[in-house]
Structures are given as C-alpha cells and as structure tokens.
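# Just need the structure, nothing else, for what follows:
(one chain, ligands or ions: 3)
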Amino acid sequence: MIDFEALAEPGSDDEKLLQRIDVEALPRHVAVIMDGNGRWAHSRRLPRVAGHKAGIEAVRDTVETCARLRIDVLTLYAFSRENWKRPRAEVSTLMALLKEYVHKELDRLVDNNIRFRVIGRLDDLPRAVQGGLQRAIEATKDNDGLSFNIALSYGSRTEIVDACRSLIRAGVAADDVDVDTFSRHLYTAGQPDPDLLIRTSGELRVSNFLLWQIAYAEIWVTETLWPDFRRTHLFRALIDFQQRERRYGGLTSKERPDPAEVVRG
Ligand code: IPE
Ligand code: IPE
Ligand code: MG
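Ligands and ions are numbered 1, 2, ... in the order given. Below is the predicted model:
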C-alpha cells in the first residue's frame, strides 16, 4: 500500500500533483541523468563541487519518493566513464562525496527495504570507495523493495562491449545470440528496461547512458538543475509520462482497425 501522507502533506501543491498520478500505471523503471550541478554552483558564484554537494539532497528525495511510490527500479547516472576527464580535484571530491553518501545512507536504505546496486566499471573506482559500495550491495541484497542502481564509471558503449565479452566467455554460440540473451549479459540483467528517462538542466542528449535499454523509453527533460530537483518535479514527470501513448512501432488505439473489419477483410 502506498502511504500518500508520507509522499505529500495534506493540502500541499505536491498533494494536488500526486492526486493526478495513477498509481496503478507507474513506470516500472525510472532512469535519471542528473545534470547541472556545475551550473547550479556557477549561478551562485560557488565552486563546482558545491553543486555536487547540494545534489545529494536531490538524490535522497528522489530515492525515497520512488521507494514510497513502490516503483520497481530507479537508476541514477552519477558518474560516467567520460567524467574521468574532469580536473583531478573535482573527481576526488566526487569520489569522497560518494563514499560519504553510501556510508551515511546505508541504514536508511536498509530501513526502506531498498536494494542497492552499482552498474558500471566498479573496478575503476578508488579501493576505499569500492569497499563502501560492496558493503552496501551486500547489506541490501535481500531487500525486495525499490532496486536502486547507481551508475558509476558507467558508459553504455562499454557496457555493450562488456556484454559481448561476457557472451563469448560463456561460450554462447553465434546463432544463439538474440535480444533476450544479449540483455541477460548487460549490467541491468533481470531488470525491466526504463519506461521513463529524465534529464535535468535542459540538455537534449543521452550522453552514453543506457543506450540499449532506453530503446522505447519516454524522455522527459526539465530545465531544473539537479540540485533543485525534488519530488514535485518527479510528480510532474510521472503525470506527463501517463499522458503519452506508447506505440512500440505499432498503431495508436484509435488507428487500429476494429477486429470485425479485419475478419471481413
Ligand atoms: C552532473 O553535473 C554531475 C556529474 C556529471 C558528475 P555537472 O557537473 O555535469 O554539471 P554541469 O553540466 O557542468 O552544470
Ligand atoms: C552526464 O552528464 C553524466 C552524468 C550525469 C553522470 P555530463 O555533464 O557528463 O554530460 P555531457 O558532457 O553534458 O554530455
Ligand atoms: Mg553536465
């Protein structure tokens, strides 16, 4: 059961938005490109890392909201393989923030029945960060609420290459490779594909994120910078998502011929 009062205060604007959401038709998987931390800091004449620090509250609110809405999977893009190109000081602050976040949040993740996972090249990360992440993965592995994937040192092309390597190592014959088999060798094996892809801070691109999995995702872009993102924005994204008609290459319900006509030829 969804605890509506925990999601929005009675009488608040959030409650009005929440009432417009059909909780029976939520996306199973929401993926987010958390962008705009640098711009948020710049607009306040702060160093870029202040934007990354401020972004943590947005992560907390989004994770908690998805868990409370009983969404199955949330994937947050936190650090791409391309982000290693950034200045060393920015990268090390991001790593320190990540370590701190996992350490501080672990109890909350456990309490909220959240299963924490990492997608990406975990081995690229500093040892101390890897240790904290492994502890959180281990401590939450039996939870069956929200699956919270964090994408770290993640690149979608690398993921596809890693899937090919994994297929070859498993000795899968060329003729046995199909879409389902391939999906089972991706980092997201066993999880539904994202239905909704959110990007903050206005950029209209996917930046090497879940290229395979977003084949039919609905895309929602907001000008809001990641540190300002809260459940209000997530509610708006969900309302918008529920107004889309997903066709998967087929026809709309209005365009589909009525079955009687098909029989008559
Ligand atoms: C997103 O914010 C966080 C990471 C990529 C780690 P940015 O740091 O990319 O912020 P902008 O795009 O420069 O504003
Ligand atoms: C995408 O944001 C990566 C993450 C949010 C972690 P970037 O800021 O790195 O993407 P580009 O450079 O604008 O494409
Ligand atoms: Mg950016």
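# and residue 185, that one's in a helix?
No: under DSSP: H, G, I helix; E, B strand; the rest coil, residue 185 sits outside any helix and is assigned coil.
# per-residue confidence for it?
Note on residue 185: pLDDT of 98.
# Specify the local secondary structure of residue 39.
Of the three states, residue 39 takes helix under three-state DSSP.
# dump the residue contacts of it.
By CB atoms under 8 Å, 6 or more residues apart in numbering, the contact set of residue 39 is 51, 201, 225. Quick note: C-beta positions are derived from backbone N, CA and C, even for glycine.
# if I look at it, how far off is residue 53?
From residue 39 across to residue 53, the span is 15 Å (CB to CB, to the nearest Å).
# Equivalent analysis for residue 21, please.
Going from residue 21 to residue 53 by CB to CB gives 30 Å.
# try residue 158
28 Å.
# swap in residue 135?
Taking CB to CB, one finds residue 135 at 22 Å from residue 53.
# of the two, who's got more company?
When residue 135 is set against residue 53 and neighbours are counted by other CB atoms under 10 Å, the residue ahead is residue 53, at 17 against 14.
# wait, doesn't that one sit right on residue 100?
No: if you go by CB atoms under 8 Å, residue 53 and residue 100 don't touch, sitting 9.7 Å apart.
# can you list the residues of the stretch 51-200 of the chain near ligand 1?
Within the stretch 51-200 of the chain, the positions adjacent to ligand 1 are 79, 83, 94 by CB under 6 Å from any ligand atom.
# ok, now which ones touch the residue in the stretch 151-265 of the chain that ligand 2 sits nearest to?
When scored by CB to the nearest ligand atom, the stretch 151-265 of the chain has residue 207 as its residue closest to ligand 2, at 3.7 Å. Taking CB under 8 Å, 6+ apart, we find residue 207 in contact with 33, 35, 77, 80, 82.
# Over to residue 156?
208-212.
# so which helix or strand takes in the nearest residue to it once chain neighbours are set aside?
Spatial nearest neighbour of residue 156, chain neighbours left out: residue 211 (4.0 Å); criterion: CB to CB, 6 or more residues apart in numbering. Counting by DSSP states H and E, there is no helix or strand that carries residue 211.
# what subset of the contacts of residue 207 is also close to ligand 2?
33, 35, 77, 80.
# Show me which of the contacts of residue 156 are buried.
208-210, 212 (16 or more other CB atoms under 10 Å).
# Any chance of those residues in CSV with pLDDT and distance to residue 68 as columns?
Formatted as CSV, the buried ones among the contacts of residue 156 follow (pLDDT from 0 to 100; distance: CB to CB, whole Å):
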residue, pLDDT, distance to residue 68
208, 98, 30
209, 98, 25
210, 99, 24
212, 98, 29
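# and the chain, which of its residues are near ligand 2?
So the chain meets ligand 2 at 33-35, 77-80, 83, 203, 205, 207 (CB under 6 Å from any ligand atom).
# Before I go, just wanted to say thanks for your time.
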